[in-house]
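# Requesting a structural model of the entry that follows:
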Amino acid sequence: MEYDAIIVGGGPAGLSAGTHLSQAKYRVLVLDKESFGGQITNVEWIEDFPGPAKRVSGAVLGSGMVNEAAECGVHMALKEVVEIESYSGCKSVRCADGRVHTSSVVIVAGGLRRRELGVAGEDRFQGKGVIHCTLCDAGLYAGQAVAVCGGGHAGIIEALHLANHASKVHVIEVQPGLSAPTYLQQRAYANTRLEIRCEAKVVEIVGDEFVTGVQLQNAATGRKELLNVSGVLARVGFDPATGYLEGILSLDDRGGIVVNHRSETDVSGIMAAGDIRSESLRKVAAAVSDGKTAAMSAQRFLQSLQQEV
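Now for the predicted structure:
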């Protein structure tokens, strides 16, 4: 087999697992669809790492984890995994390019995928006002008005970053109040560039060549209004990236991978770590810890295979 372990997902959990296994002298391959470091690289500040009341730049933290993994000998490749198969003593990982990689153990750490609004205009204005990375694109909206859909932790964090550039940031939340932590709500309400609109939802993104506004609907009355904005960011939730694993691993009702206390799935030799697993805390510190737990379980599994030889 090509590798001792293949890790699907290059975020904090996957890189933590890969570094741990590579330090133990195992051959490790980390695969990621988009980029290494995970979604944290697109976040201005990580508020819960390395500990309470501490924070670090997401880009700095992500690149540091990638560099550490590379220095430890972890192989990394940008590829989308579309299928995992388990055979006696062997795991097969198929990628979208048709290439198949083999290993003795697999750790699934693919994290979450952002939930889309699912409204008219969202597909049409991709790259033309529909924002995905605030850290990358915030400067493009200097002096303009933008809308952030979602009043949770991610929505408020990114709204505050956009407020450093945009003239006005409209935070649109369908619930009666924000769900972000109290300290973030306080910062949001204190920021004069943020306008909080609760009990409202975006029902359409409008424009000509680029986004010019969003159609809002009041959740209580049904009344609609047009809000003039140049950009729209959706942060209305996340789902585990497990679509390709249905029927292979046990998933909970939200699509999270079910694991035991050792991060082991119900398929021998396959572990799961980080936000993709069921009941994840969805914190960077928890993902790093998960990665180490999964790596330790993988190491025990690899050692058991060696004893059988």
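
# Now the terminal residues of stretch 87-98, how far apart.
19 Å (Cα to Cα, to the nearest Å).

# now it: mean pLDDT?
Mean pLDDT, stretch 87-98: 93.

# for stretch 44-62, same thing?
Across stretch 44-62, pLDDT averages out at 79.

# For it, buried residues please.
44, 46-47, 49, 56-59, 61-62 (16 or more other Cβ atoms under 10 Å). Glycine gets a C-beta too; all of them are placed from N, C-alpha and C.

# Also stretch 75-90?
Using 16+ other Cβ under 10 Å as the test for burial, stretch 75-90 gives 75-76, 79, 81, 84, 86.

# which other residues reach the helix ranked longest in the chain?
Looking across the chain with DSSP state H, the single longest helix is helix 284-308. The contact list for helix 284-308, computed with Cβ atoms under 8 Å, 6 or more residues apart in numbering, reads 4-5, 11-18, 20-21, 24, 26, 40, 46, 48-51, 61, 89, 104-105, 107, 109, 262-264, 268-269, 271-275, 277, 280.

# Arg115 is in contact with Gly237, correct?
Yes: at 4.3 Å, Gly237 and Arg115 qualify as touching, with contact defined as Cβ atoms under 8 Å.

# quick one: strands adjacent to the helix or strand of the chain with the lowest mean pLDDT?
Least confident helix or strand of the chain, by mean pLDDT, DSSP states H and E, is strand 45-46 with a mean of 81. Partners of strand 45-46 in the sheet, by DSSP bridges, are strand 56-57 (antiparallel).

# Show me where this protein has its helices.
Listed in chain order, the helices found in the chain under DSSP H are 12-23, 58-71, 134-137, 153-162, 182-190, 284-308.

# distance of Met1 from Ala69?
20 Å (Cβ to Cβ, to the nearest Å).

# Ala272 versus Val38, what's the distance?
Let me fix one detail, which is that residue 38 is Gly and not Val. Gly38 is 15 Å from Ala272, where distance means Cβ to Cβ.

# got any ranges where the stretch 201-309 of the chain has weak pLDDT?
For the stretch 201-309 of the chain, applying pLDDT under 70 flags the ranges 309.

# got the residue ranges for the strands in it?
211-218, 224-228, 231-234, 238-240, 270-272 (DSSP state E, counting those that start in this stretch).
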